[in-house]
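K.L.:
I'd like to go over a predicted model; first the sequence, then the structure.
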Amino acid sequence: MPARKAAPAAGVDPTRSRFRQIREQLQQVDYFLKGTVLKRMMKCGQPTCACHRDASRRHGPYFEWTYKLQGKTVSVKLSPQAAPLYQAATKQHRQLKVVLARMERLSRTALARLARQADTID
Ligand SMILES: [Zn+2]
């Protein structure tokens, strides 16, 4: 099919293609979770245990997923097997927020331009 290059017309929206490009990144989004995964080494309840004298002999690692719910921090214990899954999901969430922030910035620019154009037409 012969592609015809459209001349940039009045009313063209230069933000549109950039917005679409970034929107495609949403197709790659996998399961996501807010919050962070923490790895902890713990002291036990046994006062004579070496973990109390030597930080390198603490027990663990123990994994926790923590997130905020209505201003409160919620912690969920994770098995060592689950930790990488949750870690990847929290990373997905951070990336998703970056993508959404970019889309919002472009939307702001585009909408301001569209509003100006609408004003001119009136
Ligand atoms: Zn101990």
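P.N.:
Yep, that arrived.
K.L.:
can you report how many residues neighbour residue 86?
P.N.:
20 (other CB atoms under 10 Å). Heads up, the C-betas are built off the backbone N, CA and C, glycines and all.
K.L.:
check the one 4 residues further on too.
P.N.:
With neighbours defined by other CB under 10 Å, the count for residue 90 comes to 18.
K.L.:
that one touches residue 63, doesn't it?
P.N.:
No. Using CB atoms under 8 Å, residue 90 makes no contact with residue 63, being 11.8 Å away.
K.L.:
tell me, what's touching these two both at once?
P.N.:
Residues touching both residue 90 and residue 63 by CB atoms under 8 Å, 6 or more residues apart in numbering: residue 37.
K.L.:
who's in contact with residue 75?
P.N.:
With contact taken as CB under 8 Å, 6+ apart, residue 75 is in contact with 64, 65, 66.
K.L.:
hmm, who's touching the helix or strand hosting residue 23?
P.N.:
Per DSSP states H and E: residue 23 is located in helix 15-24. Contacts to helix 15-24, defined as CB under 8 Å, 6+ apart, come from residues 99, 102, 103, 106, 107, 109, 110, 113.
K.L.:
among the residues you listed, name the buried ones.
P.N.:
Among the contacts of helix 15-24, those classed as buried by 16 or more other CB atoms under 10 Å are 99, 102, 103, 106, 110.
K.L.:
grab the nearest non-local neighbour of the last one.
P.N.:
The shortest distance from residue 110 to any residue that is not its chain neighbour, by CB to CB, 6 or more residues apart in numbering, is 4.0 Å, and that residue is residue 15.
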